[in-house]
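Q: Structural data only, the sequence is not supplied:
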């Protein structure tokens, strides 16, 4: 009888550990999912970092952020949060400079930061715009 109780105790302990570790993994995955959700929008820190970078590089801005790269009013009205970029706007996408990218938080999976017509945008793999940092002309 003692052996049977010992086996039952061990089985209970193994089951408890399995539930504990499985629950911890689910919590970690849920935490990662929450972390992705909170980075689908720029916060004040992100905006300040981007504006600081822009001010520091104002005299040598990369393609996409220069005054001549600005969008016309027609295209400007199409660049909105929640909208999917049309082919005309997709052709105006430029990569984020590495030193600016280092100042921003990592993008969620299947998202990326891009420059479009003087703006930094967070878009997903389907070209949907989730957030935009606007820069004023002639700082």
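A: Okay, I see it. Just so it is clear, the structure is predicted and the values come from calculations on it, not from any experiment. Residues are numbered from 1 along each chain as shown.

Q: What's the separation between residue 54 and residue 82?
A: Between residue 54 and residue 82 the computed distance is 24 Å (Cβ to Cβ, to the nearest Å). Bear in mind the C-beta positions are built from the backbone N, C-alpha and C, glycine included.

Q: Please apply the same query to residue 95.
A: Distance, residue 95 to residue 82, using Cβ to Cβ: 23 Å.

Q: Going along the chain, name the strands of this structure.
A: Ranges of strands within the chain are 93-95, 111-116, 119-124, 129-134, based on DSSP state E.

Q: Strand partners (parallel or antiparallel) of the shortest one?
A: Strand 93-95 sits in its sheet next to strand 111-116 (antiparallel), going by DSSP bridges.

Q: When residue 95 and residue 82 are compared, which one has more neighbours?
A: Using other Cβ atoms under 10 Å as the criterion, residue 95 and residue 82 rank with residue 95 on top: 14 against 8.

Q: Spatially central residue for this structure, please.
A: residue 107 (2.8 Å; Cα atoms, centre = their mean).

Q: quick one: contacts of stretch 85-105?
A: Stretch 85-105 is contacted from outside by 39, 46, 49-50, 52-53, 57, 62-65, 69, 71, 75, 78-79, 113-117, 120, 123, 127-129, using Cβ atoms under 8 Å, 6 or more residues apart in numbering.

Q: Any regions of the protein where pLDDT drops low?
A: The chain contains residues with pLDDT under 70 at 1, 6-39, 136-139.

Q: Alright, calling it a day.
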